[in-house]
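Sharing a model that was predicted from the sequence below.
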Amino acid sequence: MASKDSETKKHAGTSPSQEEKDQVGQVPSQTRQKAEEIKEEADTLVDQIDEILEENAETFVKSFIQKGGE
Amino acid sequence: MAEGQNDRVAGIVGTEVEYGLSWSNRTPEDPERLSADLIGQVSEQYHAPVLWDYENEDPRHDARGFLAEGERENPDDADNRSLNKPLFNGGRLYVDGAHPEYSGPECASVRDVVRFEKAGDKMVSACQAAFSARQDGGPPLLVLKNNSDGKGNSWGYHENYLLPRSLPFDVLARNISSHLVTRVVFCGAGKLGSDQNPEESGRYFLSQRAEFFEIPIGLSTMVHRSVVNTRDEPHSERSLYRRFHVITGDSNLSEISTYLKVGTTLLVLRALEAGALEPPVFSDWVESFRRVGMDMSLQLPLGLENGKTMTALECQEVICSQVRRYLEREGMDAESSDIIGRWENVLVMLRRSSAGLARTVDWAIKWSVLSRYREKKGWELTDSRLKMLDFQYHDLRPDRGIFSMLENTGQVDRLVDPMEVEEALTHPPSETRAYFRGEMLRRFLTRVHAVSWSSVVVDPGEGPLKRLALGDPWKGTQKRVGALMGTSGSVGELLRALSPLPAGE
């Protein structure tokens, strides 16, 4: 996503000013950083779940049968 | 309804949680025994070894004015003790049919409801740990705070709201129905797969319970479940009060979801009681509830009595704004103000996307976790490992429950301080009769023979046992009886000082 945004902007102008260059440089790096954070969070979450998720999922899911309650 | 203090909602509320059990060595051929074994592990710190007093119990009364068929319950002393664990916090841990159940004490603030329900989860979790420790390394007993097994069986989560008898039941039923049907959007616990339709095994539902409802109004909680339940067992002075028994809710793990579920319902009931609510009413309550329960898009139209349609979110916006107007007219205590603010906020967030609620609303938290995990693994939504994740979200083991993990790693929002929950394990709330019940057990345990919601049976030492009626849930508060209980050296002295029991407010 981030790199595509920056490509579009580069093609749009012929000779970008220094200010524009800065903006162009900044936005994608922020977006990239945010995307990386989200990816890192997702990776951490997956690791956290992998650590605790019961391994015999299929057996458990099949054998978990309750009587109705209340 | 009696007046409360200025900093909280006036009204008395208590919740009941039934837990699901799974133990692969003993897939419950005898779930009642297993439930009794589990609650038998409860610590002496929490549990007062007295009987449950069944004298005033009779769940057969129907709010429509008749008595249903059936036997009243009255177990012998040995069964009474194994099925009931009265608690120092004023609540009750017990076996209800095939499930262990925790009823929190009567609370006069919604924050307390959350605190005491959380204490119940901790207590049951401790029972689970003690039970599993005795199994010599065999597979653990899993205790799940959820409401369905994915195979067509459901167990309950019930809310109880004290209301004045003067509010006619048909008015109550009609005007509360739409809130019970649509509040799911912020308090559903979410589930992966239908319990009733195998073709929907890859669908994510907002509600665990909605699929199980069959009729608009009725008494039963186990078959032919109804959107509005008519059980009329007030556990208090029948001529003054009714206890509105709500059975449509899911058990929540998120403190914020519990707070919103109970808090918004309490505010709606207050507005309703004052005649300040004119909610849209659905033409088919059951069908509408089921549609809301399965609709993550929040876009499904629901048919109204007037022939028009409305989405669940639109209906919530109407109800919320009517309650806001009522509160602004009547004046707002701090808790009501907090609840209405959070309610409005959650509806605004829902308009945008569920992603904004991934720290507060159970179904959105679980969906966020499930979908991120699934994306990484590349699995189908029908994969049993994802259904396992769904179940394990509700697992009470602190080191294996998915919600616990999210909470311990700061990935979900809390409402109450864990220290306040610790206190709720051993001390009753101060603003209702639960204070008197709990403190009698704490201070005069050897003289208490039995307790129930509406009684404390004491042994004065000489002569017959004496049943103290707790007919008014507002009486027996710390403010009124705390000092007396503290200075009375004996039960006899206390009984003389407490005749009659002074009012709470």
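On my side now, so go ahead. Numbers count the residues shown, from 1 in each chain, chains lettered A, B, ... in the order given.

can we go C-alpha only for contacts and neighbour counts from here?
OK.

so residue B:159 makes contact with residue B:18?
No. Contact criterion Cα atoms under 8 Å: residue B:159 and residue B:18 do not qualify, at 11.8 Å.

Show me what the top helix by length along chain B is packed up against.
In chain B, taking DSSP state H as the definition, the longest helix is helix B:110-133. Counting by 3 or more Cα pairs under 8 Å, 6 or more residues apart in numbering or on different chains; DSSP states H and E, the packing neighbours recorded for helix B:110-133 are strand B:13-18, helix B:31-39, strand B:99-103, strand B:142-144, helix B:255-273, helix B:418-426.

what about 6 Å?
On a contact count with 3 or more Cα pairs under 6 Å, 6 or more residues apart in numbering or on different chains; DSSP states H and E, helix B:110-133 meets helix B:418-426.

Tell me which residues of the helix it packs on come out buried.
By neighbour count on 16 or more other Cα atoms under 10 Å in any protein chain shown, the buried set for helix B:418-426 is B:421, B:422, B:424, B:425, B:426.

returning to that earlier point: so which of residue B:159 and residue B:18 has more stuff around it?
The residue with more neighbours, out of residue B:159 and residue B:18, is residue B:18; 27 against 21, by other Cα atoms under 10 Å in any protein chain shown.

Show the contacting residues for the more buried one.
B:100, B:101, B:156 (Cα atoms under 6 Å, 6 or more residues apart in numbering or on different chains).

Throw these into a markdown table and include pLDDT and neighbour count, thanks.
Listed next are those as a markdown table, based on pLDDT from 0 to 100; neighbours: other Cα atoms under 10 Å in any protein chain shown:
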| residue | pLDDT | neighbour count |
| --- | --- | --- |
| B:100 | 97 | 28 |
| B:101 | 98 | 26 |
| B:156 | 91 | 27 |
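
of all these, which comes closest to chain A?
Taking Cα to the nearest Cα as the measure, chain A lies nearest residue B:156 of the contacts of residue B:18, at 5.4 Å.

So what does the closest one look like in phi/psi?
The phi and psi torsions at residue B:156 (degrees, to the nearest 10) take the values phi -100, psi 170.

distance of it from residue B:253?
In this view, residue B:156 and residue B:253 are 14 Å apart by Cα to Cα, to the nearest Å.

Let me see the ranges of the helices in chain A.
Remark: helices assigned in chain A by DSSP H are A:2-12, A:18-52, A:57-63.

scratch that, the stretch 101-250 of chain B is what I was asking about
Secondary structure of the stretch 101-250 of chain B (DSSP state H, counting those that start in this stretch): helices at B:110-133, B:169-182, B:184-187.

what sits up against the shortest one?
With contact meaning Cα under 6 Å, 6+ apart, helix B:184-187 is reached by B:257, B:261, B:361.

can you count the residues close to the nearest residue to the second one once chain neighbours are set aside?
Closest residue to residue B:261 in three dimensions, ignoring its sequence neighbours and counting by Cα to Cα, 6 or more residues apart in numbering or on different chains: residue B:187, at 5.6 Å. Look at residue B:187: counted by other Cα under 10 Å, it has 27 neighbours.

just residue B:209 next, same as before
By other Cα under 10 Å, 31 other residues sit near residue B:209.

pLDDT at it, what is it?
Listed pLDDT for residue B:209 reads 97.

Leaving out sequence neighbours, find the closest residue to it.
residue B:250 (6.2 Å).

quick one: the one you found and chain A, what's the gap?
As judged by Cα to the nearest Cα, to the nearest Å, residue B:250 and chain A stand 13 Å apart.

now swap in residue B:163 and tell me
Applying Cα to the nearest Cα to residue B:163 and chain A gives a distance of 22 Å.

ok, that residue - contacts?
Applying Cα under 6 Å, 6+ apart, we find residue B:163 in contact with B:241, B:242.

partners of it in the sheet?
residue B:242 (DSSP bridges).

Distance check, it against residue B:273.
For residue B:163 relative to residue B:273 (Cα to Cα), the value is 8 Å.

Around the closest residue to chain A within the stretch 51-200 of chain B, how many other residues sit close by?
Going by Cα to the nearest Cα, chain A is nearest to residue B:155 of the stretch 51-200 of chain B, at 4.0 Å. By the measure other Cα under 10 Å, the count of residues near residue B:155 is 29.

Let's see if you can find the most crowded of the contacts of helix B:184-187.
Within those, residue B:361 tops the neighbour count with 30 neighbours, counted by other Cα under 10 Å.

So which bits of the stretch 151-300 of chain B are right by chain A?
Residues of the stretch 151-300 of chain B lying close to chain A (Cα under 6 Å from any Cα of the partner chain) are B:153, B:154, B:155, B:156, B:221, B:222.

go again using 8 Å as the cut-off
Taking Cα under 8 Å from any Cα of the partner chain, the part of the stretch 151-300 of chain B that reaches chain A is made up of B:151, B:153, B:154, B:155, B:156, B:221, B:222.

Can you add distance to residue B:232 and give those back as TSV?
Output for these, formatted as TSV (distance: Cα to Cα, whole Å):
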residue	distance to residue B:232
B:151	31
B:153	25
B:154	22
B:155	20
B:156	18
B:221	13
B:222	16
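
Among those, which one sits closest to residue A:52?
Ranked by distance to residue A:52 (Cα to Cα), these are led by residue B:151 at 24.1 Å.

which residues does the residue lying closest to that closest one once chain neighbours are set aside contact?
With Cα to Cα, 6+ apart as the measure, residue B:195 is the residue that lies nearest to residue B:151, at 5.0 Å, once sequence neighbours are left out. Contacts for residue B:195 (Cα atoms under 8 Å, 6 or more residues apart in numbering or on different chains) come out as B:148, B:149, B:150, B:151, B:152, B:153, B:211.

In contact with the closest residue in space to the first one that isn't next to it in sequence, which residues are there?
When you say that, I think you mean residue B:148. Nearest-residue entry for residue B:148: residue B:154, 4.4 Å, with adjacent residues in sequence omitted and distances by Cα to Cα, 6+ apart. Residues near residue B:154 by Cα under 8 Å, 6+ apart: A:66, A:67, A:68, A:69, B:147, B:148, B:209, B:212.

do residue B:469 as well
Per Cα under 8 Å, 6+ apart, neighbours of residue B:469: B:454, B:455, B:456.

just residue B:362 next, same as before
Shown in contact with residue B:362 (Cα under 8 Å, 6+ apart): B:186, B:187, B:188, B:189, B:190, B:252, B:253, B:254, B:257.

Need the contact partners of stretch B:245-256.
Applying Cα under 8 Å, 6+ apart, the external contacts of stretch B:245-256 come out as B:17, B:114, B:118, B:145-147, B:156-161, B:180, B:184, B:187-189, B:207-210, B:221, B:226-231, B:258, B:261, B:360-362, B:394, B:403, B:412-416.

Any idea how far apart the tips of that stretch sit?
End to end - Cα to Cα - stretch B:245-256 spans 21 Å.
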